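>>> the following comprises the amino acid sequence and a computationally predicted model.
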Amino acid sequence: MDVYYWGEKIPGASGSSFQILNDQYAKDSMDVYYTGKKVQGASASSFVVLGDGYAKDSMDVFFMGKKIQGASASSFQILGNGSAKDTWHSYYMGEQSIVFRTIKNINELDLSILGF
């Protein structure tokens, strides 16, 4: 049985094991698909959709069907509105973002040194 996404046949997809996971992601017994295209390197057996375009398998994290280099699947969490984090980094819309940290006990002299 053939599988289609928006009227286009998905090459190699197995109709007998095909599962729709959400509006964009689907999988069969061998592969994962994002909007009808195969997600390279994704493991169908452990693949789960997290939300906001993010998904992961046991080893890697994906955003809109593309692998996020360096993201930790075991600690990855979505925060909402396109934001996510893992143990080492924060992400926005699948891209690693700058991390801002709270500076405690800053005073007026410190701010003037920083140019404020």
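Everything's here; your move. Numbers count the residues shown, from 1 in each chain.
>>> contacting residues for the closest residue in space to residue 41 that isn't next to it in sequence?
Nearest non-adjacent residue to residue 41, counting by CB to CB, 6 or more residues apart in numbering: residue 67, 5.8 Å away. The way it works is simple: take the backbone N, C-alpha and C, and place the C-beta from them, glycine included. Counting by CB atoms under 8 Å, 6 or more residues apart in numbering, residue 67 touches 40, 41, 42, 60, 61.
>>> if I look at residue 67, how far off is residue 2?
Using CB to CB, to the nearest Å, one gets 27 Å for the distance from residue 67 to residue 2.
>>> likewise residue 22?
Distance from residue 22 to residue 2, by CB to CB: 21 Å.
>>> next: residue 89.
Taken as CB to CB, the span from residue 89 to residue 2 is 40 Å.
>>> what about residue 7, how many residues nearby?
6 (other CB atoms under 10 Å).
>>> for the chain, which segments count as strands?
Listed in chain order, the strands found in the chain under DSSP state E are 4-5, 8-9, 19-20, 25-27, 32-34, 37-38, 48-51, 54-56, 61-63, 66-67, 77-80, 83-85, 90-92, 95-97.
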